[in-house]
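Q: Okay, sequence plus prediction incoming.
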Amino acid sequence: MISKFFVNRPIVAMVIAIITIILGLVSMRGLPLAQFPAIVPPQIIASTTYTGADAVTIEQSVATPIEQQMNGVDNMLYMQSTNANDGTMQLTVTFDIATDVNTDQVNVQNRLAQAQPNLPADVSQFGTTLRKSTGLPMMVISLFSPNNSYDSLFLANYANININDALYRVPGVGEVRLFGASDYAMRIWVKPDLLAKLGLTVPDITRSVQQQSTVNPAGQVGAEPAPKGKEKTYTVRAQGRLQTPEEFGQIVVRSSPDGSVVRLKDVARIELGAQNYQQIARINGQPGCIVAVFQSPGSNALAVADGVKKAIAELKNRFPPGLDYIITLDTTLPVTEGINEIVKTLVEAMILVILVVFLFLQNWRATLIPMVAVPVSLIGTFAFFPFLGFSINTLSLFGLVLAIGLVVDDAIVVVEAVEHHIEEGMSPREATLQAMKEVSGPVVAIALILSSVFLPVAFLGGIQGRLNNQFAVTIAISVLISAFNALTLSPALSAMLLKPRKQSRGPLGRFFKLFNRWFDKATHGYVSWSHALIRKGLVAMLILGAFVGLDAILGKQLPTSFLPDEDYGYLLLNVQLPPAASLERTDQVCRKVEAILDKTEGIKDYNTIGGFSLLTRVSASYNGFFFVILDPWHERHTSELEAQAIARRVNAELTAQVPEAVTIALMPPSIPGLGAAGGFSLWLQDKSGGTVDFLDQNLQRFLEACRKRPELAGVNSAFSAGIPQIYADVDRDKVLKQGV
């Protein structure tokens, strides 16, 4: 019998328990911390720009050739492209969750290379960017000037030069994206009337700038082969790219035989400005630059966040006077807060279990054995996590909380059996050996039965299976370790620690006597009721049927969902004006939204992005987006200050005060990375080969039908085929005849 070996050699049992704890602690230090297991399918995003093209042109000439080559790439689940009137195309390829994201990126790159010959020359020259996507940004850093000494353009340019590269060097950072103003650029505003008088065209100016603002390698003087006697070799430096408006103004656009020249400053106004003016960024209503940091799939979120915080803190030491930053959004805070709460619950459960065990065993020596056995089972479970690819997350910790009540039973069974034989007059060692002969089989059987209940969950597929996988396997492992401890450590400790029980004296003894009296009465009452129900089986079945019926009725009334909406400490707010609305109108609406957010209780900070929507990831003049950061959880005690309640109040204010736009505050997705906001999303696909207008007509009918359903709220689509545009109908014959 295995227990006899460890009863005779208790040090071996203790050493095994100590090694189990050490392995668990060492594994815990290296395990990633996350809110949920890795259940988000990897996504690779390919993006490019076709300057000046509209959405339909991009869809036909850029998206379609790429999609034709990308279709059927290994382990692809689906792909979707977003084409916008700002000239951008973004193709998102979603892969099976079991694939390696780096391999997926290589496969996408290979398919993209096959599509290159079929793309317009301007697109090939601009290039295509590939990146791994995790949906929402992990962190938002807001760069601003407290005394307003710097404008948004300077802040964005400073961030691009001094911050982006440093953040990209942080392990686990997948993408750093700036929202707001863009880089510095030389803006050349041509004068069409002067061009017409002089017979010049825009391509003439473009060609002159490209030829005269370029790097000119001039070689060397005295380089080999050279005549003998040369003593020195000089490298020749020539004028490179132009940098100031004055230098650009001296560019020669045309030179006449009589010696007269037309310079760029004669036909254009030149100034240093932004590369584009498509977005506006503010922090709490103040001009700034928004730096969004996206996590690389598979990385440790908390480690990446710590690395980003350290990097930006070091960079702050080199900030010029009048420049500062705040971390307005940190999506790892809910992870830390949630894990801390679960660890607190774990400790509370341990204390309660110990108190309950002591209450019933009424012996500190007997209570000490479960107190030792439970931590060994729980901490030892982490030793198996690296081999299974698990992380420390809310579900695995929830499993440990539930496992406390299961693993303590094995030790209690052993202790009670040993005490029973000690009361019959056996010595502790003899009582332990006799007890283990009786309970070893049941302990093993219970462990196998409990494991067989939870282990099948490990074989479930899909997101739901992966979501519950760690929860179930964690419980099963802890139960098996507990059974092993019950056969090794618990009998060894029982033989060493247990002694014949003595009646407790004093207040504690009187309490135990009173408790035992009431507990015996309750036990006898329960046994009497059981005897009565056994004799009257029909009554027992009727009571059971009544409870089953009540459960069915109540179960149907409860709402169902994949996961409940969680208070992650922030909200998302989307603004959409009528199609083709100008950025100025969007900015006016955003300022009205800012005024509402300023007055709303429970909101700490907010970021404003005018001209962009994170829901579609498209820059458009009629879109706006807000990151709304709430007060810390410990400052929001009442139900009115919960995230959902704040979102409802904000939406009510937006509906009443901002009628000129569709504005809605949204909860973030329950699982970060699955969708851009709370709720669910779907795609409507036209397989009939119809036009964009045909798709839009059916989309509107579909949305109208969805809005009639009472269980759906806030059904909207960012797709719009009715955006006003200007169509230039060029008479090609006249153009060719007139040489235009």
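A: Great, that's in hand.

Q: pLDDT (mean, whole number) over the strand ranked longest in the chain?
A: Assignment by DSSP state E gives strand 618-630 as the longest strand of the chain. Averaging pLDDT along strand 618-630 yields 86.

Q: Which elements pack onto that strand?
A: Strand 618-630 sits against strand 88-95, strand 324-330, strand 570-576, helix 583-599, strand 603-613, helix 643-657, with contacts defined as 3 or more CB pairs under 8 Å, 6 or more residues apart in numbering; DSSP states H and E. For glycine as for every other residue, the C-beta is placed from the backbone atoms N, C-alpha and C.

Q: possible to save the ones you listed as JSON lines with mean pLDDT, mean neighbour count and distance to residue 221?
A: Formatted as JSON lines, the helices and strands packed on strand 618-630 follow (pLDDT from 0 to 100; neighbours: other CB atoms under 10 Å; distance: least, CB to CB, whole Å):
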{"stretch": "strand 88-95", "mean pLDDT": "86", "mean neighbour count": "21", "distance to residue 221": "48"}
{"stretch": "strand 324-330", "mean pLDDT": "89", "mean neighbour count": "19", "distance to residue 221": "49"}
{"stretch": "strand 570-576", "mean pLDDT": "89", "mean neighbour count": "24", "distance to residue 221": "62"}
{"stretch": "helix 583-599", "mean pLDDT": "90", "mean neighbour count": "17", "distance to residue 221": "53"}
{"stretch": "strand 603-613", "mean pLDDT": "88", "mean neighbour count": "23", "distance to residue 221": "52"}
{"stretch": "helix 643-657", "mean pLDDT": "89", "mean neighbour count": "17", "distance to residue 221": "70"}
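
Q: Can you check which of these gets nearest to residue 193?
A: helix 583-599 (26.6 Å; CB to CB).

Q: re earlier: make CSV out of the helices and strands packed on strand 618-630 and add distance to residue 416.
A: Shown next, in CSV, are the helices and strands packed on strand 618-630 (distance: least, CB to CB, whole Å):
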stretch, distance to residue 416
strand 88-95, 53
strand 324-330, 49
strand 570-576, 51
helix 583-599, 61
strand 603-613, 54
helix 643-657, 47
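
Q: Show me the one of these that comes nearest residue 252.
A: Nearest to residue 252, of these and by CB to CB, is strand 88-95 at 34.9 Å.

Q: After that closest one, heading C-terminal, what element do we hit next?
A: As assigned by DSSP states H and E, the chain's next helix or strand after strand 88-95 is helix 101-115.

Q: That next one - what's its average pLDDT?
A: Per-region confidence: helix 101-115 scores 88 on mean pLDDT.

Q: Packing partners of that helix?
A: With contacts defined as 3+ CB pairs under 8 Å, 6+ apart, the secondary structure elements packing on helix 101-115 are strand 43-49, helix 64-70, strand 88-95, strand 129-133.

Q: packing partners for the third one?
A: Strand 88-95 is packed against strand 43-49, helix 64-70, strand 76-83, helix 101-115, strand 618-630, with contacts defined by 3+ CB pairs under 8 Å, 6+ apart.

Q: could I get the ones you listed as JSON lines with distance to residue 372 and mean neighbour count?
A: Converted to JSON lines, those look like this (distance: least, CB to CB, whole Å; neighbours: other CB atoms under 10 Å):
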{"stretch": "strand 43-49", "distance to residue 372": "47", "mean neighbour count": "21"}
{"stretch": "helix 64-70", "distance to residue 372": "58", "mean neighbour count": "18"}
{"stretch": "strand 76-83", "distance to residue 372": "48", "mean neighbour count": "17"}
{"stretch": "helix 101-115", "distance to residue 372": "43", "mean neighbour count": "17"}
{"stretch": "strand 618-630", "distance to residue 372": "43", "mean neighbour count": "23"}
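
Q: Out of the helices and strands packed on strand 618-630, flag the one nearest residue 694.
A: Nearest of these (CB to CB): strand 88-95, 21.7 Å.
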